[in-house]
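In: What follows is a predicted protein model with its sequence.
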Amino acid sequence: MRVRDLESALQPLRTFETPKIRLEQYGTPPVIAAPALLAAHHEFDDFEGHSVIDLGTGPGILGITCAILGADHVIGIDADPDALAIAADNVEQAEVEMDLIAAFVTDPAPADGDRANESDVWSRLRADTVIMNPPFGTKTAPGADMMFLRRALSIATRAVYSMHKTSTREYVQRQAQRAGWNAHVVGELKYNLPASYRFHKRKSVNIEVDFIRFTPNASDSEAASDSD
């Protein structure tokens, strides 16, 4: 599949119509999703035939892309029911299979209420590959990007792909290393962020973003294999 064919398949899909600032909702445009994931698909083969979780799926663009690229089973997870409704429409539009789950990524589940069983959800979830475009955590939820990363590393067995501001590269790599994972920048992106919220003064702004592939340290992987 060529990049332009994949991008064309994603172009008709919906994005956020009224993004919520408290969740730092930004859609991942096809012009970014298509080349980044297709390049990773060809170089590392972490999608086709593998189980994939799209963490903080939003409109579902990344998960749908993985499904198009041949993922065996895709799950999209998001805390926002409105985002999941858009994702459901997009899954139908793209004619792919993708399960959608409502769950909060950035904080532990309370002991009661609608989220009482959320800790059980996370304890059961595992996937070969996790893909995500997490909140940058610079507006309303400081550290949200690292909360997403910790969650991703806890459920992935093969690889994690994530987008982070280039300015945080060294910090992200240190955090991954402390968790026993390697972090390699596999793409440098220009994220053209449109004016989505009232506080935005310009029509759009370009943000330098790293597309990072995280993999378990070899020693950890070997130890896990020996124990099987």
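Out: That came through fine.

In: can we go C-alpha only for contacts and neighbour counts from here?
Out: Noted.

In: show me the contacts for residue 212.
Out: 161-164, 183-187 (CA atoms under 8 Å, 6 or more residues apart in numbering).

In: export these to TSV and tack on neighbour count?
Out: Shown next, in TSV, are these (neighbours: other CA atoms under 10 Å):
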residue	neighbour count
161	25
162	23
163	21
164	24
183	24
184	15
185	18
186	16
187	16
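
In: Going by distance to residue 42, which of those wins?
Out: When those are ranked by distance to residue 42 (CA to CA), residue 186 comes first, at 12.1 Å.

In: ok, now which ones touch that closest one?
Out: Applying CA under 8 Å, 6+ apart, the residues contacting residue 186 are 40, 210-213.

In: Tell me which of the contacts of residue 212 fall in strands.
Out: 161-164, 183-187 (DSSP state E).

In: re earlier: among the contacts of residue 186, which ones are in strands?
Out: Under the assignment DSSP E, the contacts of residue 186 contribute 210-213 to strands.

In: Just the buried residues out of those residues, in PyMOL syntax.
Out: Buried residues among these (16 or more other CA atoms under 10 Å), as a PyMOL selection:
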select buried, resi 210+211+212+213
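
In: Format the ones in strands among the contacts of residue 186 as TSV; extra columns: pLDDT and distance to residue 61.
Out: Formatted as TSV, the ones in strands among the contacts of residue 186 follow (pLDDT from 0 to 100; distance: CA to CA, whole Å):
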residue	pLDDT	distance to residue 61
210	96	18
211	97	16
212	98	18
213	98	18
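
In: Among the ones in strands among the contacts of residue 186, which one sits closest to residue 47?
Out: Among those, residue 213 lies closest to residue 47 (CA to CA), at 12.6 Å.

In: Tell me how far the closest one lies from residue 39.
Out: 12 Å (CA to CA, to the nearest Å).

In: same check, this time on residue 218
Out: Taking CA to CA, one finds residue 218 at 23 Å from residue 39.

In: And residue 57, by the same measure?
Out: According to CA to CA, residue 57 and residue 39 sit 20 Å apart.

In: try residue 187
Out: With distances taken as CA to CA, residue 187 is found 9 Å from residue 39.
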